[in-house]
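Participant: dropping the sequence and predicted coords here.
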Amino acid sequence: MGKKYFGTDGIRGRVGDGAITAEFMLKLGWAAGKVFSANGVKNILIGKDTRISGYMFESALEAGIISAGVNVKLLGPMPTPGIAYLTRTLGAQAGIVISASHNPFEDNGIKFFSGEGTKLPDELEFAIEDMLDQPMTTVSSDQLGKAYRIEDAGGRYIEFCKSTLFGRNKLAGLKVVVDCANGATYHIAPSVLTELGVEVHEIGVSPNGLNINEQCGSTHPALLQKTVVEMGYDLGIALDGDGDRLIMVDHKGELVDGDELVYIIARHKLELGVLNGGVVGTLMSNLGMELALKELSIPFVRANVGDRYVLEKMRENEWSVGGESSGHIICLNKTSTGDGIISALQVLDAIVSNAKTLNELKQGMTKMPQTMVNVRLLERFDPVENATVQQAISATEDKLGGRGRVLLRMSGTEPLVRVMVEGEDAELVGELANQLAEQVQKAIA
């Protein structure tokens, strides 16, 4: 049976709609507190990104958790991976992130981390949903939890990020533009880079609660591309609103996506003799990355879309590198979850160690043309089960002649069907993707 509230990346939606209300967050905090306290939990961390609704949901979750008899440690604005790290190191048994990641400020959401800094297993998410159906009660006054604010949370995480690169001024000489998307990394990423010796130019570091991800960050990199070229810097780093995604820009202003970055990181680790296995991608990972890794004799497997599924497959294989084309990159030998800053540091290390530009490092991989078309749904519906859509998929595959891929999947965070076609001929791929999307649209009409 599917989950009622949790998607592939927590609970997310438009503020004021469905589960994204103060009333629901109060109950969610209580439900989480009850479930975790049954396992002996006494402390839960809460961190958030910079969107304005975070204040409201932070207070509601705090009240709910305390009413269940569990203590709360408040981190304030912090990157999602920073909250995962601090959950592990501050003696908490669970962490809550208030964020809608790369979405606009009108949206918000909730993610949970276990005491090990990893996404919650399905059984705990089901347990929280079951508890939400129970009447809310409050423990006796002498059993109520307490709230504490962690004043040095940012400094702790900055030092951790720096520690993943061994050596002060390791990156001295690099000139980098960093775009923090007016999000949770605005007070973290520039400091990490500067303290490692990088000459940094900052953009997207003036959050006002309403401008997170607005024409900036990893989903809108045009300003970063323009700035890198105009200033003559070595490269650009684009993070998303909560800091778990990374896209980069080379000195020519060309985008370097998650697949290319994973390839660069994996190849560098192979050269250092520390790769220890292969690479995990997703169903959406570009075929070009798979072929490039094969040239290096690096094993590659695909997981379902979503960083939690990438992580599961990495742990299953005991591999240390995995990621998505969107920029969720996991370096398990460094941290427990996808981390934009730490992933960027691994790429910068490869640049310095090889004395090559980012543009040169990405040349070992040739991306296959890939087109994705989103088809919006009015209600939950899986078009792959539709006979007409199945025939259209088969016809598309025939036209690719065995030299490409077709993929339809439901978005885990939005009411969308993602239609993807990949192949050698960009024009043909685009035409086929649009034709297939039209068939899907007809099927759901």
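Facilitator: That came through fine. What you are looking at is a predicted structure, and each value in this text was computed from that prediction instead of being measured.
Participant: the strand or helix carrying residue 108 - contacts with which helices or strands?
Facilitator: Using DSSP states H and E, residue 108 falls within strand 107-114. For strand 107-114, the packing partners by 3 or more CB pairs under 8 Å, 6 or more residues apart in numbering; DSSP states H and E come out as strand 11-14, helix 22-37, helix 54-67, helix 80-89, strand 94-98, helix 122-132. Placement of C-beta: from N, CA and C, glycine included.
Participant: so how far is that strand from its chain's centroid?
Facilitator: In this view, strand 107-114 has its centroid 12 Å away from the chain centroid, taken as CA atoms, centre = their mean, to the nearest Å.
Participant: scan this protein for its longest helix.
Facilitator: Using DSSP state H, we find that the single longest helix of the chain is helix 426-444.
Participant: after the host helix or strand of residue 190, next one along is what?
Facilitator: Following DSSP H and E, one finds residue 190 within helix 189-195. Next in sequence after helix 189-195, counting helices and strands by DSSP H and E, comes strand 199-203.
Participant: in the very next helix or strand once past that next one, which residues are buried?
Facilitator: On the C-terminal side of strand 199-203, the nearest following helix or strand under DSSP H and E is helix 222-231. Buried residues in helix 222-231, counting neighbours by 16 or more other CB atoms under 10 Å, are found at 223-225, 227-229.
Participant: ok, so of the residues you listed, who is nearest residue 2?
Facilitator: Closest approach between the buried residues of helix 222-231 and residue 2, by CB to CB: residue 224, at 37.9 Å.
Participant: so who does that closest one touch?
Facilitator: With contact taken as CB atoms under 8 Å, 6 or more residues apart in numbering, residue 224 is in contact with 177, 179, 203, 216, 236, 238, 249.
Participant: please redo it, this time with the cut-off set to 7 Å
Facilitator: Neighbour list for residue 224: 177, 179, 203, 236, 238, 249 [criterion: CB atoms under 7 Å, 6 or more residues apart in numbering].
Participant: any idea which of the helices and strands packed on strand 107-114 gets closest to residue 256?
Facilitator: helix 80-89 (19.9 Å).
Participant: and the closest one with strand 94-98, angle?
Facilitator: Angle of helix 80-89 versus strand 94-98, following axes from the mean of the first three to the mean of the last three CA atoms, to 10 degrees, is 160 degrees.
Participant: now helix 80-89: buried residues?
Facilitator: Within helix 80-89, the residues that qualify as buried by neighbour count (16+ other CB under 10 Å) are 80-88.
Participant: can you tell me which of those residues is nearest residue 294?
Facilitator: residue 81 (29.6 Å).
Participant: distance to residue 370 added to the buried residues of helix 80-89, as JSON lines?
Facilitator: Supplementary listing: those in JSON lines, determined by distance: CB to CB, whole Å:
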{"residue": "80", "distance to residue 370": "26"}
{"residue": "81", "distance to residue 370": "27"}
{"residue": "82", "distance to residue 370": "32"}
{"residue": "83", "distance to residue 370": "32"}
{"residue": "84", "distance to residue 370": "30"}
{"residue": "85", "distance to residue 370": "33"}
{"residue": "86", "distance to residue 370": "36"}
{"residue": "87", "distance to residue 370": "35"}
{"residue": "88", "distance to residue 370": "36"}
